[in-house]
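Asks: give me a 3D structure for the following:
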Amino acid sequence: MRFLMFTGQGSQFVGMGKDVYDEFSLSKRIYEEANEALHFDLRKLTFEGPEEKLTQTAFAQPAILVHSYIIYSLLQREYGFDFDICGGHSLGEYTALVATGAVSFLDAVWAVHMRGKFMQEAVPLGEGGMMAVVTDKEEEIEDLCKTISKDEKFYVCIANYNSDTQIILSGLTQGLKRAKEIIKEKGWGKVIPLGVSAPFHSKLMGNAKEKLADVLKDISFKKTKKAVIENVVSSVVYGGGEAREMLIEQMTNPVRWRDNAKKAKELGCSEFVECGPKNVLYNLSRRMYKELRICYCIDTITLKRFGEKDV
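Replies: Numbers count the residues shown, from 1 in each chain. Here you go, the predicted model:
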């Protein structure tokens, strides 16, 4: 069985997908559709920047979704690629729902653009963010976040449980700075700033969550035959209203990607395939499951690699 994975935010970069766009007409058509839905030139922003704008969550989210969807569509239509179960990291859950047919591509592009806009509006630019911590001190850092956050202006929490050795912290800039200093001082791990412009998956997204719920209630969520492993509690959903509710809950809850991957393995998936701008989930999965077949597709080179074998 095959587990199809879609990358989340932070994997964007100026120029991503340009090689695919130049070689495959399908990519051009998908960008045209996305531009029409968004009412701005996403293709130009993605390929030419500026990087500061592409990093802003309202633009990064649709850019990543479109690139990931193009890669998946090319695998499927050019090479007969198929999957059994799907999942996505945060933003990637929307792409997963598109791949299973639960949500239309155009609805998803618009939804994540608005999602990103709401997320950015929830906290002024520069006042919040996220950082990765490579660590084996998860419980200690959980306690540290609770202690620091007793003072609201230093609010910080764990936003992503990515693997046994990587977590993501989210919060106000001052809280992240304090957490980074203490983690370094105590030798609890390596801290890596992330290229995101808002503190996702935290209580600071409460207002954004309410606004997103209003957008998603007007979008059709179909029942599907193929499952998505959602991020909040790693349950298996087959589209419909349940998928919508989990996307809403995801806004203020941590992404439990480690549990998503574990669930896929428990369900019998022996092959994991990532589609997106970078091989982020590939790297996480390789560290967790050396016994599984894990691969990725991010550009024309890796697309053709898939085309040369039985997919």
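
Asks: which other helices and strands contact the least confident helix or strand in the chain by mean pLDDT?
Replies: One helix or strand of the chain scores below all others by mean pLDDT, DSSP states H and E: helix 300-307, with a mean of 88. Secondary-structure packing of helix 300-307 (3 or more Cβ pairs under 8 Å, 6 or more residues apart in numbering; DSSP states H and E): helix 18-23, helix 57-79, strand 293-297. No exception for glycine: its C-beta is placed from N, CA and C like everyone else's.

Asks: that helix vs helix 57-79, what angle?
Replies: Note on geometry: by axes from the mean of the first three to the mean of the last three Cα atoms, to 10 degrees, helix 300-307 and helix 57-79 are set 40 degrees apart in direction.

Asks: can you check what angle separates helix 300-307 from strand 293-297?
Replies: 130 degrees.

Asks: what's helix 300-307 in contact with?
Replies: For helix 300-307, the surrounding residues in contact (Cβ atoms under 8 Å, 6 or more residues apart in numbering) are 19-20, 23, 71, 74-75, 78-79, 81, 296-297.

Asks: how about 10 Å then?
Replies: 17-24, 70-71, 74-75, 78-81, 273-275, 279, 295-297, 299, 311 (Cβ atoms under 10 Å, 6 or more residues apart in numbering).

Asks: could you do stretch 33-47 as well?
Replies: With Cβ under 10 Å, 6+ apart, stretch 33-47 has contacts from 12-18, 21-22, 27-28, 30-32, 48, 53-54, 56, 58-60, 62-67, 69-70, 104-110, 112-113, 277.

Asks: return a ChimeraX selection command for the buried portion of those residues.
Replies: Buried residues among the contacts of stretch 33-47 (16 or more other Cβ atoms under 10 Å), as a ChimeraX selection:
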select :12,13,14,16,17,18,21,27,30,31,54,56,58,59,60,62,63,64,65,66,67,69,70,104,105,107,108,109,110,112,113,277
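
Asks: can you list the domains in this protein?
Replies: 2-122+204-307, 128-196 (automatic domain parsing).

Asks: any idea which of the ones you listed is most buried?
Replies: domain 2-122+204-307 (a mean of 20; mean count of other Cβ atoms under 10 Å).

Asks: would you mind measuring the gap between the ends of that one?
Replies: Domain 2-122+204-307 has an end-to-end distance of 17 Å (Cα to Cα, to the nearest Å).

Asks: and that domain, how far from the chain's centre?
Replies: Distance, stretch centre to chain centre, for domain 2-122+204-307: 6 Å (Cα atoms, centre = their mean, to the nearest Å).

Asks: nearest residue to S27 in space, please, no chain neighbours.
Replies: Y21 (4.5 Å; Cβ to Cβ, 6 or more residues apart in numbering).

Asks: surely G240 and K225 touch.
Replies: No - G240 sits out of contact with K225 when judged by Cβ atoms under 10 Å, with a separation of 11.9 Å.

Asks: surely I64 touches F6?
Replies: Yes - the criterion here is Cβ under 10 Å, and I64 meets it with F6 at 8.6 Å.

Asks: quick check: neighbours shared by those two?
Replies: With Cβ under 10 Å, 6+ apart as the test, I64 and F6 both reach 91-92, 94-95, 276.

Asks: among those residues, which pair sits farthest apart?
Replies: Maximum pairwise distance among the shared contacts of I64 and F6 (Cβ to Cβ): 12.3 Å, between Y94 and G276.

Asks: name the residues contacting each of those two.
Replies: Residues touching both Y94 and G276 (Cβ under 10 Å, 6+ apart): 6, 8, 64-65, 68-69, 88.

Asks: in the stretch 101-250 of the chain, mark out all the helices, start to finish.
Replies: 105-122, 138-148, 173-186, 206-216, 240-250 (DSSP state H, counting those that start in this stretch).

Asks: any chance of those in JSON lines, plus distance to N283 and mean pLDDT?
Replies: Below are the helices of the stretch 101-250 of the chain laid out as JSON lines (distance: least, Cβ to Cβ, whole Å; pLDDT from 0 to 100):
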{"stretch": "helix 105-122", "distance to N283": "23", "mean pLDDT": "96"}
{"stretch": "helix 138-148", "distance to N283": "18", "mean pLDDT": "97"}
{"stretch": "helix 173-186", "distance to N283": "21", "mean pLDDT": "96"}
{"stretch": "helix 206-216", "distance to N283": "29", "mean pLDDT": "98"}
{"stretch": "helix 240-250", "distance to N283": "22", "mean pLDDT": "98"}
